[in-house]
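Colleague: Here you go, sequence then predicted model.
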Amino acid sequence: MAQIAVIGGGQAGYSVVAKLRGLGFDGTISLICGEDELPYQRPPLSKKYLLGEYERERLYLRQASFYEENDIRLRCGTPCREIDTAARRLHVGDDEIPYDSLVIATGSEPRVLPASVGGDLRGVHTVRTIADIDRIASEVEDSGQAVVVGGGYIGLEAASALVTKGLPVTIIEMAERILQRVAAAETSNHLRQLHLDHGAAVLEATQLRQLQADADGHVAAAILADGRCIEADLVIVGVGIQPVTDLAQMAGIVIDNGIRTDAACRTSDASVWAAGDCASFPWRGRRIRLESVQNAIDQAEHAAAAILGSEEAYEPTPWFWSDQYSAKLQIAGLGTGYDRIVRRSGSAADSVSYWYFHGSELLAVDAVNDSRSYMIGKRLLESGKSADPAAVADPEINLKSLLK
C-alpha cells in the first residue's frame, strides 16, 4: 500500500492530506506537525485572536476527530529532524516514518532582531505561532507603550490590534515608506493615514539602533539611529519572513529562494514535492514564492493531485488580504513592474482601489473596503484581460462593463 508523508502542520500541510483523501487516496498518510497543536490557521493570530475575538478552538482547521475518521496519522509536538531520501524515510524523534511520496510544507519563519541590538530581551516578540500571540496577549494589559519594528503587513496588522486594545503604538520602518517592498506609494499613503487617524505614530526612513533593557532585563526603550529614545515595554518585530528549507537542504534538495519546484510542485527529488510559503515555482517566465493562505491551499491541493497522477501545471492568480482596524485590503495579482497607478473611488466614503498597469497591461489591484473592484480586477487577471485605465478611473462607468 502506498505511503505518503507530509511535513508541516500549517494550512499547506493540512490541505495536502485533506485533498488526498478527497481524491480517493486510500493508502497511508502521515502528517508531522512540529508544534504541539492541531493544524491551525495563522491569519487570525495577529488580528482576531490577539484581540480576544477568537477562541483557540476556532483557529484549528479541523478537530482531532477529522484525522481519526480519515485515518490520517497525525504526529504533533515532535519535529522531523531528517529526511533520508535514499531510504525514503523520515526521522521523527526516535521513530522512522517510511514514505513513497513526501510533501514538504514547512512554511516560513519570522526574521528576528540580533541579540546585539536587543532582540533577545524579554518583552520582544515575533508573530508567527499561537504561543507567540499568547505571550504577547499576556503582556498587553501591563504594557504602557508598544513599538512595532517593521512596516510590512505583519507589523501593521499587529500595530492595529495593539492600538485597538488601547496601547500607544509607534511603528518604526527603515525603508522610505511602509509597505515599500510590496505595494505602490498610493496604497502605502492610504494605510499610513489610516494608522495616523487611529493614533499610531509612524516613523519612516528611520533605523533602530538598539533596544534598551531595564534592570530586570526587560525591554524598556527603543533607541533610534538619530539618537531619539522611545519608551517601549512591549516590542513586536515584523521585519519579514524567510522560508524554512533546512530539512530539504540537508537532504540535498535544490534550494532557490525556497525549495525549488517545477510546475507540478515536484522538487529536484522525484519522490518529493513542496507547497506553501517554503516553495518557489515557475510563473509566467520567472520564479516566485508566494506568502499567502491562498497559495498554501491551492499549491498544496495541486501537489496532492500531482502525486496521484495529474499533469496539470500550477498557474495561480495570486491574491492576498490584510485587515487593519475596520479597513479590509484585498489584493489581486502581483504589483511589480508597474509604470502607472490608476485610482478609483469606491461607492462608500472609505472605499478606494488602486490599479497597477504596465503600459496597457493590468498587473494587480489593491482594493480597500471595495470588494467589487477587487472581484472585477481578479476576474480580469484570471481571464488574461486588461482594462482601459480611463474607464477604471471614471466612477460613473460600471466596472462590470470591463469584463465584456
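Modeller: Here it is on my side, so go on.

Colleague: check contacts around V147.
Modeller: Under the criterion of CB atoms under 8 Å, 6 or more residues apart in numbering, the contact partners of V147 comprise V169, T170, I171, I172, A222, I230, A232, L234, V235, I236. Using the backbone N, CA and C atoms, a C-beta is placed for each residue, glycine as well.

Colleague: try 10 Å
Modeller: With contact taken as CB atoms under 10 Å, 6 or more residues apart in numbering, V147 is in contact with 124, 159, 162, 168-172, 201, 203, 208, 211, 219, 221-222, 230-237.

Colleague: Also D366?
Modeller: The neighbours of D366, taking CB under 10 Å, 6+ apart as the test, are 179, 182-184, 186-188, 190-191, 320, 322, 329-333, 335, 341, 352-356, 373-374, 377.

Colleague: before we move on, the earlier item: hmm, which of the contacts of V147 are the buried ones?
Modeller: Neighbour-count burial within the contacts of V147 applies to 124, 159, 162, 168-172, 203, 208, 211, 219, 221-222, 230, 232-237; the criterion is 16 or more other CB atoms under 10 Å.

Colleague: sorry, back to before: kindly supply the ChimeraX command isolating those of the contacts of D366 that are buried.
Modeller: Selecting only the buried members of these in ChimeraX, with burial defined as 16+ other CB under 10 Å, works like this:
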select :179,182,183,184,186,187,188,190,191,320,322,329,330,331,332,333,335,341,352,353,354,355,356,373,374,377
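
Colleague: Among the contacts of D366, name the ones in helices.
Modeller: The helices, defined by DSSP state H, take in E186, T187, S188, H190, L191, S373, Y374, G377 from those.

Colleague: Export these as TSV, with columns for pLDDT and distance to I136.
Modeller: What follows is the ones in helices among the contacts of D366, written out as TSV (pLDDT from 0 to 100; distance: CB to CB, whole Å):
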residue	pLDDT	distance to I136
E186	98	31
T187	98	26
S188	98	25
H190	97	26
L191	98	22
S373	96	34
Y374	97	30
G377	96	34
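
Colleague: just the helices in the stretch 101-250 of the chain please.
Modeller: Under the criterion DSSP state H, counting those that start in this stretch, the stretch 101-250 of the chain carries helices at the ranges 130-140, 153-164, 185-197, 246-250.

Colleague: Deepest-packed of those helices, please.
Modeller: Mean neighbour count, computed with mean count of other CB atoms under 10 Å, is highest for helix 153-164 among the helices of the stretch 101-250 of the chain, reaching a mean of 25.

Colleague: so S351 makes contact with R343?
Modeller: No - using CB atoms under 10 Å, S351 and R343 do not qualify as a contacting pair, with a distance of 11.7 Å.

Colleague: quick one, which of those two is more surrounded?
Modeller: Counting neighbours by other CB atoms under 10 Å for S351 and for R343 shows that S351 has the greater number, 18 against 13.

Colleague: how far away is the more buried one from S108?
Modeller: From S351 over to S108 the distance is 31 Å, taken as CB to CB, to the nearest Å.

Colleague: M174 now?
Modeller: Following CB to CB, the distance that separates M174 from S108 is 20 Å.

Colleague: So between the two, which is more surrounded?
Modeller: Between M174 and S108, S108 has the larger neighbour count (other CB under 10 Å), namely 20 against 16.

Colleague: That one contacts V244, correct?
Modeller: Yes - with contact defined as CB under 10 Å, S108 counts as touching V244 (6.0 Å).

Colleague: Please name the residues that touch E301.
Modeller: Residues near E301 by CB under 10 Å, 6+ apart: A12, S15, V16, A18, K19, L20, G22, L23, C265, A275, Y314.

Colleague: same thing but at 8 Å, please
Modeller: If you count contacts by CB under 8 Å, 6+ apart, E301 has them with S15, V16, K19.

Colleague: and which of those is nearest S46?
Modeller: Distances from these to S46 were compared by CB to CB; the smallest belongs to S15, at 21.1 Å.

Colleague: Check the burial of that closest one by counting its neighbours.
Modeller: A total of 28 residues lie near S15 under the criterion other CB under 10 Å.

Colleague: what comes up buried for stretch 361-378?
Modeller: Under the neighbour-count criterion of 16+ other CB under 10 Å, stretch 361-378 has 362-370, 373-378 buried.

Colleague: Next, the residue lying closest to T267 once chain neighbours are set aside: phi, psi?
Modeller: Closest residue in space to T267, ignoring its immediate chain neighbours: I253 at 5.0 Å, by CB to CB, 6 or more residues apart in numbering. Here is the backbone geometry of I253 (degrees, to the nearest 10): phi -80, psi 140.
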